[in-house]
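Asker: predicted model and sequence below, questions to follow.
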Amino acid sequence: MALRVAYSSHPASIQSYESPLRRYHDLELSKWEKLIVLSLTPTTDDFKKEIVLPTGITKDLISFEEEQTKTKSKYNVVFVTSEAAPYSKTGGLGDVCGSLPIALAARGHRIMVLSPRYLNGSRDKNYSSAKNLEMNINLSCFGGEQEVAFFHEYRAGVDWVFVDHPSYHRPGSLYGDEHGTFGDNQFRFTLLCHAACEAPLVLPLGGYTYGENCLFIVNDWHASLVPALLGAKYRPHGVYKDARSILVIHNLAHQGVEPAITYEKLGLPPEWYGALEWIYPTWARKHAHDTGATVNMLKGAIVTADRILTVSQGYAWEITTPEGGQGLNELLSSRGCILDGITNGIDVDVWNPASDKLIPFNYSVDDLSGKSLCKAALQKDLGLAVRPECPLIGFIGRLDYQKGTDLILSAMPELLKDDVQFIMLGSGDPATEQSMRLTESSYSDKFRGWVGYNETISHQVTAGCDILLMPSRFEPCGLNQLYAMRYGTVPVVHCTGGLRDTVQTFDPFADGDGCGTGWAFSPFSMESMLLALQTAIGTYKEHKFWWEGLMNRGMSKNYTWDNAAAKYEQIMEWALMDLPYTG
Ligand SMILES: Nc1ncnc2c1ncn2[C@@H]1O[C@H](COP(=O)(O)OP(=O)(O)O[C@H]2O[C@H](CO)[C@@H](O)[C@H](O)[C@H]2O)[C@@H](O)[C@H]1O
């Protein structure tokens, strides 16, 4: 008889095989004829050679298999997220939680997405089809009872459920306003997590509740309390015995860290404090009486979730290293056997140059004439010279340290010596916004800084530019480079995380007509970024044939969510193979 064990096959997990296999000691491994180790990706020979086995287990017992991803079972899945497009979005998390659930529903699963009902003026109309379920409940956290309501819309095969509470109704963005981040975000998202745990039990969606037998997919720190609540608040009472939770890390930089004193407000028993406890190193403490003790919501989920996913294989490895682990690398390495990476897909209906209503001209890989017209329209709208031969370079994103916007702005004097035009769209850090305005006033014939969040402009920049620049310091997956390639815009990216996994550097001499879809530069420096940009600009200006090849290959890639959804299914199946976390 064969025992099947599912574990990550990423090279970083080599050492981590030891601990999961040790768990199976109780099953007296020697009595099994075969031990089949399953993985999401093909297992390399190096991996097989280096695998560390617990004493008593020999290599001849083990064989490796890449799991065939096909729908085997149907699951009840509950996504918990602070944003889901088109209802709420500040970045890529909203995109993913707006489209992955639809792809999973199309594969036959019953899917609920639970997020706050933000009323802040900007997107309020997006909730207009969601009806109040008239199922208000009281939740106990932060020292009192909080009444929440649930709104519901069934769309594209998915139950979109919105938690309604006065703390989600305020001007500004989802997480803050012009004065900074909201001071009560820990409360707002603790409430979301409590509501998420109750929703499958109480909401009769389409006549039936989801029930206890469900899988929670919890996204980033905002949803990170769910796995601990399942283990501490429900399982001791026999509820959610067969449920599992999968943490998806979209960005490790945001962990939801608050003073240790707030732990008692979260609705968890004192003995679970260790799961969330996070002690800052001495050098990071502010004063002599600072003990460094905090609660870290994301860390809590890394400890208590049944599986952990990131949004690319590359980032799954990076977060186990001191350089990419944001202080959590050792913990993540210790959980390496349940850690995997699945590259995001994109919503190919929203991001389709052939039918996009937000761009002035449509086009496809078979007829690119509309792209030149989009470029001319963008140059005109921005007040730049309408010059088809001048490369137009774009950047779209949050103005944040992560995105390397400081590198872009400091490289401008050098880059703009060349005959190029540059459009930078983004909002966030006020100092960077100010630098964009200053750069525009110094280089008014070549540079435009569009400060703000604007979806129409982002589609027009994606379609109208020739090159999209993404010099992110780290990038868990990145969506803009995927959108760009689909729109025939060639990405120049820092070779990190998901950017490394999705952008292949151009090689004109490979495979006859060349291969690659852009340029991935390394190291993270102004010199190497400029070199990559100058190579791209030179190719654009002097090698039209090669450029068309780059555009064609990018536009012809498969970006649908279907591949990724199949892999998520695999992870759900594996989560159910193991016992749930019980503390
Ligand atoms: N000013 C603006 N106007 C209009 N649109 C704007 C905009 N600024 C950003 N956007 C949009 O927001 C999204 C950003 O997505 P990204 O994946 O590139 O980054 P983000 O860091 O938010 O996401 C995190 O989560 C996602 C999802 O997993 C990961 O891909 C990523 O690496 C990780 O950092 C894109 O749809 C982009 O067009």
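Answerer: Great, that's in hand. Numbers count the residues shown, from 1 in each chain.
Asker: against Thr320, how distant is the closest residue to Ile249 other than its chain neighbours?
Answerer: Spatial nearest neighbour of Ile249, chain neighbours left out: Thr310 (4.8 Å); criterion: Cβ to Cβ, 6 or more residues apart in numbering. The way it works is simple: take the backbone N, C-alpha and C, and place the C-beta from them, glycine included. Plainly put, Thr310 is 10 Å away from Thr320 if you go by Cβ to Cβ, to the nearest Å.
Asker: can you tell if stretch 99-118 touches the ligand?
Answerer: No. Judged by Cβ under 6 Å from any ligand atom, stretch 99-118 and the ligand are separated, with a smallest distance of 9.3 Å.
Asker: now that stretch: mean pLDDT?
Answerer: Throughout stretch 99-118, pLDDT has a mean value of 97.
Asker: over to stretch 535-543?
Answerer: 97.
Asker: and the residue of the stretch 101-250 of the chain that's closest to the ligand?
Answerer: His250 (3.6 Å; Cβ to the nearest ligand atom).
Asker: one step back: give me the common contacts of Thr310 and Thr320.
Answerer: Leu339 (Cβ atoms under 8 Å, 6 or more residues apart in numbering).
Asker: look at these two and report which has more neighbours.
Answerer: With neighbours defined as other Cβ atoms under 10 Å, Thr310 and Thr320 compare such that Thr310 has more, 27 against 23.
Asker: quick one: contacts for that one?
Answerer: So Thr310 contacts 248-250, 316, 319, 339-342, 476-477 (Cβ under 8 Å, 6+ apart).
Asker: switch the cut-off to 10 Å
Answerer: The neighbours of Thr310, taking Cβ atoms under 10 Å, 6 or more residues apart in numbering as the test, are 247-252, 316-319, 332, 339-343, 476-477, 497-498.
Asker: these in helices, which ones?
Answerer: 316-318, 332, 497-498 (DSSP state H).
Asker: and these, which two are furthest apart?
Answerer: The most widely separated members of the ones in helices among the contacts of Thr310 are Leu332 and Gly498, with 16.6 Å between them, by Cβ to Cβ.
Asker: higher neighbour count, the two?
Answerer: Each of Leu332 and Gly498 has its neighbours counted (other Cβ under 10 Å); Gly498 has more, 29 against 24.
Asker: quick one: residues contacting that one.
Answerer: With Cβ under 10 Å, 6+ apart, Gly498 has these contacts: 92, 310-316, 318, 341, 343-344, 472, 474-479, 481-482.
Asker: any idea of the mean pLDDT for the helix or strand where Gln434 lies?
Answerer: Secondary structure from DSSP states H and E places Gln434 in helix 430-442. Mean pLDDT, helix 430-442: 96.
Asker: with just CA atoms, put that helix into CSV.
Answerer: C-alpha atoms of helix 430-442 as CSV (Å, rounded to 0.1, in the frame of the first residue of the first chain):
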residue,chain,number,x,y,z
PRO,A,430,3.3,62.6,-0.4
ALA,A,431,7.0,63.2,-0.8
THR,A,432,7.0,61.0,-4.0
GLU,A,433,3.9,62.8,-5.3
GLN,A,434,5.7,66.1,-4.8
SER,A,435,8.9,64.8,-6.6
MET,A,436,6.6,63.8,-9.5
ARG,A,437,5.3,67.3,-9.8
LEU,A,438,8.8,68.8,-9.6
THR,A,439,10.1,66.4,-12.3
GLU,A,440,7.2,67.3,-14.5
SER,A,441,7.9,71.0,-14.1
SER,A,442,11.6,70.5,-14.9
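Asker: can you list the buried residues in that helix?
Answerer: Neighbour-count burial for helix 430-442, counted by 16 or more other Cβ atoms under 10 Å, picks out 432-433, 435-436, 439-440.
Asker: what is the nearest of the residues you listed to Lys541?
Answerer: Thr439 (23.1 Å).
Asker: ok, the closest one to the ligand distance?
Answerer: From Thr439 across to the ligand, the span is 16 Å (Cβ to the nearest ligand atom, to the nearest Å).
Asker: Gly300 now?
Answerer: In terms of Cβ to the nearest ligand atom, Gly300 sits 20 Å off from the ligand.
Asker: that residue is in what secondary structure piece?
Answerer: Going by DSSP H and E, Gly300 is in helix 297-304.
Asker: what packs against that helix?
Answerer: helix 185-202, helix 225-229, strand 244-249, strand 257-259, helix 273-276, strand 277-279, helix 329-334 (3 or more Cβ pairs under 10 Å, 6 or more residues apart in numbering; DSSP states H and E).
Asker: mean pLDDT for those - can I get that in TSV?
Answerer: What follows is the helices and strands packed on helix 297-304, written out as TSV (pLDDT from 0 to 100):
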stretch	mean pLDDT
helix 185-202	98
helix 225-229	98
strand 244-249	98
strand 257-259	95
helix 273-276	97
strand 277-279	95
helix 329-334	94
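Asker: minimum distance to Ile302: which of those has it?
Answerer: helix 329-334 (5.7 Å).
Asker: tell me the phi and psi of the nearest residue in space to Glu212 that is not next to it in sequence?
Answerer: Nearest non-adjacent residue to Glu212, counting by Cβ to Cβ, 6+ apart: Tyr240, 5.1 Å away. Main-chain torsions, Tyr240, degrees, to the nearest 10: phi 60, psi 30.
Asker: what is the neighbour count of Tyr240?
Answerer: Around Tyr240 there are 23 residues (other Cβ under 10 Å).
Asker: which strands and helices sit next to the helix or strand just after the helix holding Gln434?
Answerer: Downstream of helix 430-442, the first helix or strand assigned by DSSP H and E is strand 447-451. Under the contact definition 3+ Cβ pairs under 10 Å, 6+ apart, strand 447-451 sits against helix 369-382, strand 392-399, helix 405-415, strand 421-428, helix 430-442, helix 455-464.
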